[in-house]
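[1] What follows is a predicted protein model with its sequence.
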Amino acid sequence: MRIGKFANTKKVGGVKNADLRSWYKSAMLAHKMQADTIFILTDSWNVQRVATSDRGSREEWNKTGPGVKWNKAFQQALKTLDEENRKRRAAGEPPKAINRDEWSLRHEYYPDLQTPPTPDWYYYTPKDLVEGFVLTREQYKPKSIQTTSGIKRKKSRKIDFSYNVIQFVPKNLWMILNGGGRGIRTPEAFRPTRFRIARLQPLSHSSERD
């Protein structure tokens, strides 16, 4: 599903392939099938991006002081998570749901730990996304006219599709956004770029306060 700027990343200064995530591939498959109404169920918008610089050698960084601390902290975090879940099972509680990767565990247990080197990123804009959607629809457009499920629109209109988004958020999102507690997400993780697609924002959302 790489097309337009997502295929030719040099147009946006990219030095490698785009880092396509989350809902993007599913949405593009829907456009490939010419769906005029697309429903997205997601827990995070995430971001579509491409590296515009080299991040440097991770192997060399691992040998530095911060690198050694990072790797030790990751191993300790795995043990801590296993111990927490052992206690939760003994108490008849469900396990803590968190990815067992270094970044997720760092956010949970060591939020102030220095991170490995990362490249500079170009974050695809809503305009870039819409361009990709339109190009995909044009590329896979059938020769014969098919019946649509939505309201008919003028043929001259370039944007002939719509999105319906349902976003699942933690019950304690209000607390996380205000910097309280130790959630899997940090307040920065909910910056506006993660909540929009083609300049659309969720019409409404609610969260139950504990």
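    Yep, it's here. Numbers count the residues shown, from 1 in each chain.
[2] How about the residue most central in space within the chain, nearest residue that isn't a chain neighbour?
    Residue closest to the average C-alpha location in the chain (CA atoms, centre = their mean): N46, at 1.9 Å. Excluding the flanking residues, the one nearest N46 by CB to CB, 6 or more residues apart in numbering is S22, at 3.9 Å. Yep, even glycine has a C-beta here, placed from its N, CA and C like the rest.
[3] Contacts only, for that neighbour.
    Applying CB atoms under 8 Å, 6 or more residues apart in numbering to S22 gives the contacts 42, 44-46.
[4] Switch those over to JSON lines; also include secondary structure.
    Rendered in JSON lines, the data for those read as follows (DSSP: H, G, I helix; E, B strand; the rest coil):
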{"residue": "T42", "secondary structure": "strand"}
{"residue": "S44", "secondary structure": "coil"}
{"residue": "W45", "secondary structure": "coil"}
{"residue": "N46", "secondary structure": "coil"}
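[5] just those residues now: which is nearest P66?
    Within the contacts of S22, the smallest distance to P66 is 26.3 Å, found for N46 (CB to CB).
[6] Domain-wise, how is the chain divided?
    For the chain, automatic domain parsing gives the domain ranges 1-54+122-205, 55-118.
[7] How about the longest helix along the chain, which residues are buried there?
    The residue-count maximum for a helix in the chain (DSSP state H) belongs to helix 65-90. Residues of helix 65-90 classed as buried: 67, 70, 73-74, 77, 81, 84-85 (neighbour count, 16 or more other CB atoms under 10 Å).
[8] What is that helix packed up against?
    helix 58-62, helix 102-109 (3 or more CB pairs under 8 Å, 6 or more residues apart in numbering; DSSP states H and E).
[9] Can you give the strand pairings for the first helix or strand past the last one going along the chain, parallel or anti for each?
    Toward the C-terminal end, the helix or strand that comes next after helix 102-109 (DSSP states H and E) is strand 121-123. In the sheet, strand 121-123 lines up against strand 49-51 (antiparallel) (DSSP bridges).
[10] Could you give the separation of the strand it pairs with from the chain centroid?
    Strand 49-51 sits 13 Å away from the centroid of its parent chain (CA atoms, centre = their mean, to the nearest Å).
[11] Which helix or strand contains I166?
    In the assignment (DSSP H and E), I166 maps to strand 162-167.
[12] Kindly provide the whole-number mean pLDDT of that strand.
    Strand 162-167 shows a mean pLDDT of 86.
[13] same question, stretch 112-127
    Stretch 112-127 comes out with an average pLDDT of 91.
[14] measure that stretch end to end?
    End-to-end distance for stretch 112-127: 35 Å, by CA to CA, to the nearest Å.
[15] what's the answer for stretch 89-96, then?
    End-to-end span of stretch 89-96 (CA to CA): 10 Å.
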